[in-house]
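Chemist: I would like to see how this sequence folds:
(chains A and B, ligands or ions: 1)
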Amino acid sequence: MHGVRRSRESREAREARRQREQEELNTYLSLQEDILSRKKDKDWSKDAFDLTTRMLNKNPEFYTVWNYRRLILLNNIFRNSSPHEKIDILANELVMTISALKVHPKVYWIWNHRRWCLENIPEGGDDDDMQGWRKTCWKRELYLVEQMLDADPRNFHAWDYRRYVLSSMPIQRPETAELAYTTKKIESDFSNFSAWHQRTKVLPRLWESGKLDKAQSLQQEFVLVQNAMWADPDDQSVWLYHRWLIGSGDDYDSLTREIKGIHELLEEQPDSKCMFSPILATLNLTNACVSGCMETLVHYKRLLIRSHTSRLGPEGTQILREECLGLLKQLEELDPLRRQRYRDLGALRRRHCQ
Amino acid sequence: MSSELAIAQHIKYIQALGKQKDDLIYHKTAHLRMNAVYWGLTATCILGRPDALDREEMIAYVMSCWDDEAGGFGAHTGHDAHIHSTLSAIQIMVMQDALDRIDIERVTQFILSLQQPSGVFAGDAFGEVDTRFLYIAVNALALLGRLGDLDQEKTVEYVRQCRNYDGGFGRIVGSESHAGQVFVCTAALAILDRLDVIDEPTLAWWLAERQLPNGGLNGRPQKLEDVCYSFWALSALSVLRKLHWIDAAALTSFILSAQDMEVGGIADRPGNMADIFHTHFGIAGLSLVGYPGLVDLDPVFCMPASVIEKKGLRKGWEALPRQKV
Ligand SMILES: [Zn+2]
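Modeler: Residues are numbered from 1 along each chain as shown, chains lettered A, B, ... in the order given. Have a look, this model is predicted:
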């Protein structure tokens, strides 16, 4: 149970509620009994099918009833239907699950039933187009999932379903369309980590297929994420995506340029004045932004040391090591929840220096 | 703010759960009943009261959920077999030392039949796939002593494909990282002795970043804290031996503040309605961070550590030392 406020029910209130619910409870229990005994008897009739509709409207999490419904479809209804009728029946199923999803957007069973329906769409369609029905259905699925993501842009069920729909479309959409979709989502909310994540899945495919020039596209991505960083530097989504772009830090120019950029961002922060202050320990700041900047700096400087030692020279490497240690020391104070992690990293760093 | 774990109330709360058969909500949640029995039993064991629920009644209930057609256990009497309720049934029987009542050969075949060519597992014959089901299969087969029957390479390969650049794991290939999926993937890899698949420093960093200023943990970036995520993230951190990378005292007081001090039970967050799911995962999290007086929990199997040790299945995880009462 998530997000239900606690309310204290008095003995009288509970009794009154039970009285009220008694009729509903009786209906529910007799419906349940009827369905489970018909299922046991392998009753694949239309009557039984209608009973599952009634039950699933009352309780969309009753997975056994979803299973029974699919068995009735497979064992009776589909067998006695023309492809045209079958497509109507499946269209009905999809309508039914849309209304269920609007009330219960995170119920696995409903999403699962939708996917099952989609997989059962027969070939065929009007105008002799063998893919006609499937094209129509998939197009509608994409529209539905966009509505679901408009309502809750972080619903991972919807994102997973979206990826499923895209990968199984009868005619594949160009990947650039999906890139544009994530751009739209990100621009309406920089904090939508799910959309940033989707980008990390779409871009590599575009680079590998040569549809986008990797070097050029990477620079555009840095611009996009920098805008987000400056708009909301508290946002972890943005830092994570930035880290994905940097990757293992093989590109020396990008890495040093981004380190410089983060230093600039850090200096802009109102709390950054305390960074170099000896009384830092007494301030007990937990500014997510400053610690986000610093944590990222430590990571990137480590990458520099790891991948570009020869370019840095012994002196440059030593300076970076000292900087990392200094940042970790400050992080211990700025971000006390993760203090032990910074200590561990610092100890590791010190050992490497010897 | 509650500063202590209300053990007596929680036991009472768990004991009362099976006795609400005149409530509609009791019947509408029947699809979770077998899981709820496992959550309740594990919680009472960790609270040091393994006898709080009637053993014979529980075993009889589990057996009443056997789906003889499929060869697995359903979520409730008359419900279809599903891999999730099957694991809960096995876990209950192991904890009650009654595994011999189960047809181990048939359950093993049921579980193995759900593995897909990609290596992932389906929940049942209708084919919803998820790394949760993969972990469930690995956990159950280990408890049954039948891991040798599993195509481990294929299983591990699917988990590897679910790994993201942030070190975390998702539900299926392509999904974003989520603390719950990180738990199942990390625990599955731990059972299969394949932690080499994990990018340990990156994942441990991602997990440590889940802690929010109020001490609670969230499941994904930019989301709210929730008691159940304490367990998902803590379990994975224990496997990586990095539990000290979060502030245990802050997390402890967050979990305690989500208790219902009167009726018992723990909610997803302070002020909300308690339920058995969060009660169990809250107590499990407290055990891992060394809360005084609790019994050790195995974070990989999410069962009492002594039960797993007795079966010779303990992996190299590290919880925080138990504090003195
Ligand atoms: Zn929760």
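Chemist: When you work out contacts or count neighbours from here on, use the C-alpha atoms and nothing else.
Modeler: Fine.
Chemist: Can you find the helix or strand in the chain with the smallest mean pLDDT?
Modeler: Using chain A here. helix A:280-283 (a mean of 37; mean pLDDT, DSSP states H and E).
Chemist: Hmm, no, I was thinking of chain B.
Modeler: Min over SSEs of chain B, mean pLDDT, DSSP H and E: helix B:24-28 (a mean of 91).
Chemist: Let me see the residues that make contact with it.
Modeler: A:21, A:24-25, A:59, A:62, B:20-21 (C-alpha atoms under 8 Å, 6 or more residues apart in numbering or on different chains).
Chemist: in that helix, what counts as buried?
Modeler: The neighbour-count check on helix B:24-28 (16 or more other C-alpha atoms under 10 Å in any protein chain shown) flags B:24, B:27-28 as buried.
Chemist: So which bits of the stretch 1-150 of chain A are right by chain B?
Modeler: A:1-7, A:18, A:21, A:24-25, A:36, A:59, A:61-64, A:67, A:112, A:116 (C-alpha under 8 Å from any C-alpha of the partner chain).
Chemist: List buried residues within the residues you listed.
Modeler: A:18, A:25, A:36, A:59, A:61-64, A:67, A:112, A:116.
Chemist: about what we covered before: name the next helix or strand downstream of the least confident helix or strand of chain B, please.
Modeler: Next along the chain after helix B:24-28, taking DSSP states H and E as the criterion, comes helix B:33-46.
Chemist: Next, see if that following helix gets close to chain A.
Modeler: No: using C-alpha under 8 Å from any C-alpha, helix B:33-46 stays clear of chain A, with a minimum separation of 11.6 Å.
Chemist: buried sites along that helix?
Modeler: Residues B:33-46 are the ones in helix B:33-46 that count as buried (16+ other C-alpha under 10 Å).
Chemist: Columns pLDDT and distance to A:Glu12 on top of those, output as JSON lines?
Modeler: Rendered in JSON lines, the data for the buried residues of helix B:33-46 read as follows (pLDDT from 0 to 100; distance: C-alpha to C-alpha, whole Å):
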{"residue": "B:Arg33", "pLDDT": "97", "distance to A:Glu12": "28"}
{"residue": "B:Met34", "pLDDT": "98", "distance to A:Glu12": "31"}
{"residue": "B:Asn35", "pLDDT": "98", "distance to A:Glu12": "31"}
{"residue": "B:Ala36", "pLDDT": "98", "distance to A:Glu12": "28"}
{"residue": "B:Val37", "pLDDT": "98", "distance to A:Glu12": "29"}
{"residue": "B:Tyr38", "pLDDT": "98", "distance to A:Glu12": "32"}
{"residue": "B:Trp39", "pLDDT": "98", "distance to A:Glu12": "30"}
{"residue": "B:Gly40", "pLDDT": "98", "distance to A:Glu12": "28"}
{"residue": "B:Leu41", "pLDDT": "98", "distance to A:Glu12": "31"}
{"residue": "B:Thr42", "pLDDT": "98", "distance to A:Glu12": "33"}
{"residue": "B:Ala43", "pLDDT": "98", "distance to A:Glu12": "31"}
{"residue": "B:Thr44", "pLDDT": "98", "distance to A:Glu12": "30"}
{"residue": "B:Cys45", "pLDDT": "98", "distance to A:Glu12": "34"}
{"residue": "B:Ile46", "pLDDT": "98", "distance to A:Glu12": "35"}
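Chemist: Tell me which helix or strand the closest residue to the ion within the stretch 51-200 of chain B sits in.
Modeler: Proximity of the stretch 51-200 of chain B to the ion (C-alpha to the ion) peaks at B:Gly180, 9.9 Å away. Here B:Gly180 sits within helix B:179-191, counting by DSSP H and E.
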